[in-house]
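> next come a sequence and a model predicted from it.
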Amino acid sequence: MQPLPKSRLLRFVEEAFQLAQRAVARYSSKFSKQRYTLHQHIVLLCLKVRKDTTYRTLLDELIEMPRIRNAINLTELPAPSTLCKAFDRLDMAVWRVLLNLSVSLLPTNGVAGIDASGFDRSHASKHYTKRAKLTIQQLKVTLLVDSKVNAVLDLHMTTTRKHDSQIAPSLIKRNPETIDILLGDKGYDDQKVRRLARQHEIRPLIKHREFTSLHKAWNARLDANLYGQRSQSETVNSTLKRKYGAFVRSRRWWKQFRELALACIVHNLSTSQSR
């Protein structure tokens, strides 16, 4: 009898497990209870986002998923509070390492688009907030997206009204070896951004705000086909919101940052599975 083929969900879990093993040690400390490994915690957190569900519902479904449990050597299911605490303990640096590793699974081409979008910081009814004249704060999330495979290369998050041109430098400095060409709209029109990109041997393809006829001429000379790939950044922003929600569930800002980084990792893993 031939073995059953692997589902996309099982392949996703196996890939996430391999990434976790490359990113962190087996246990957080030699004094830990060693009941569950960090690798298992990371995979379960990724699976929760992938299925867009709650801790309790995920663990309930895992009862009927022996192949998924076997793939991560999970002989006993943790309590929902265990996963919640694991998410609190895992530092943002761990999620950034996992994000970089997830990018390595995809054949990127060095042409990256940068674009920002807002995520609601409270899951509230739009009708109620409008009627009650409430203002829901948003988290500004800037994604650096590869135009070939729609992989999220990096992200920047802020709770302030920082301008796009102030955010771009940190993304450029963190990813000089990943980017060959940087695509950006007029929000990133700043000579400091262009100068920094060239210093890191990155070609900036950023539209100018048209104050004079010279600016219009510069925009007319842009490679339209290449610049058109910038829309992939908007596509990925839309995909994240459609699949995993246009809001963050966590109440604290540092957990909100981790939540969105985790969503980007899951997006990259899902993208690699669909290829």
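All right, it came through fine. Residues are numbered from 1 along each chain as shown.

> helices of the stretch 151-275 of the chain, start to end?
Assigned helices in the stretch 151-275 of the chain, in chain order: 164-174, 191-199, 213-220, 224-227, 231-244, 253-273 (criterion: DSSP state H, counting those that start in this stretch).

> hey, which helix or strand in this protein has the poorest pLDDT?
In the chain, the helix or strand scored least confidently by mean pLDDT, DSSP states H and E is helix 126-131, which has a mean of 68.

> measure how far the next helix or strand after that one is from the centre of its chain, please.
Next along the chain after helix 126-131, taking DSSP states H and E as the criterion, comes strand 138-146. Distance of strand 138-146 from the chain centroid (C-alpha atoms, centre = their mean, to the nearest Å) equals 8 Å.

> how much does strand 138-146 deviate in direction from helix 164-174?
Between the axes of strand 138-146 and helix 164-174, defined by axes from the mean of the first three to the mean of the last three C-alpha atoms, to 10 degrees, the angle is 50 degrees.

> which ones are touching the spatially closest residue to T37 that is not a sequence neighbour?
Of all residues not flanking T37 in the chain, R26 sits nearest, at 5.1 Å (C-beta to C-beta, 6 or more residues apart in numbering). Yep, even glycine has a C-beta here, placed from its N, CA and C like the rest. Going by C-beta atoms under 8 Å, 6 or more residues apart in numbering, R26 touches 37-39.

> out of those residues, list just those in helices.
Judged by DSSP state H, helices contain the following of the contacts of R26: 38-39.

> same list (the contacts of R26) but as TSV, adding pLDDT, distance to E201 and neighbour count.
Shown next, in TSV, are those (pLDDT from 0 to 100; distance: C-beta to C-beta, whole Å; neighbours: other C-beta atoms under 10 Å):
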residue	pLDDT	distance to E201	neighbour count
T37	95	40	21
L38	96	37	20
H39	97	37	22
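
> circling back to that earlier point, so which of the helices of the stretch 151-275 of the chain is the most packed in?
helix 253-273 (a mean of 21; mean count of other C-beta atoms under 10 Å).

> in terms of residue numbering, what are the domains of this structure?
8-90, 109-250 (the TED database).

> who touches the nearest residue to V193 once chain neighbours are set aside in this structure?
Nearest non-adjacent residue to V193, counting by C-beta to C-beta, 6+ apart: A168, 4.9 Å away. For A168, the contact set (C-beta under 8 Å, 6+ apart) comprises 114, 142, 184, 188, 190, 193.

> tell me the one of these nearest D88?
For the contacts of A168, the minimum distance to D88 (C-beta to C-beta) is 24.8 Å, reached by T142.

> now do the contacts for that closest one.
T142 touches 114-116, 155-157, 164, 167-168, 171, counting by C-beta under 8 Å, 6+ apart.

> cutoff 6 Å now
For T142, the contact set (C-beta atoms under 6 Å, 6 or more residues apart in numbering) comprises 116, 156, 167.

> and which of these is nearest L47?
The closest of the contacts of T142, once distances to L47 are taken by C-beta to C-beta, is H156, at 26.0 Å.

> what about that closest one, neighbour count?
Other residues within reach of H156, judged by other C-beta atoms under 10 Å, total 20.

> ok, what's across the strand from the closest residue to it other than its chain neighbours?
Spatial nearest neighbour of H156, excluding adjacent residues (C-beta to C-beta, 6+ apart): T142 at 4.4 Å. Counting by DSSP bridges, T142 is bridged to A116, H156.

> likewise for the one 4 residues further on?
Using DSSP bridges, the beta-bridge partners of D146 come out as A112.

> quick one: it and P107 touch, right?
No - contact status for D146 versus P107: not in contact, 9.1 Å apart, counting by C-beta atoms under 6 Å.

> look up phi and psi at G118.
phi -110, psi 140 (degrees, to the nearest 10).

> gap between it and N109?
Separation of G118 from N109 (C-beta to C-beta, to the nearest Å): 28 Å.

> kindly report the same for L98.
22 Å.

> neighbour-wise, which of these two wins?
Between L98 and N109, counted using other C-beta under 10 Å, the more crowded position is L98 (25 against 13).

> list the residues that contact that one.
19, 23, 265.

> make CSV out of these and add pLDDT and distance to L58.
Supplementary listing: the contacts of L98 in CSV, determined by pLDDT from 0 to 100; distance: C-beta to C-beta, whole Å:
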residue, pLDDT, distance to L58
L19, 96, 19
A23, 95, 21
I265, 97, 17
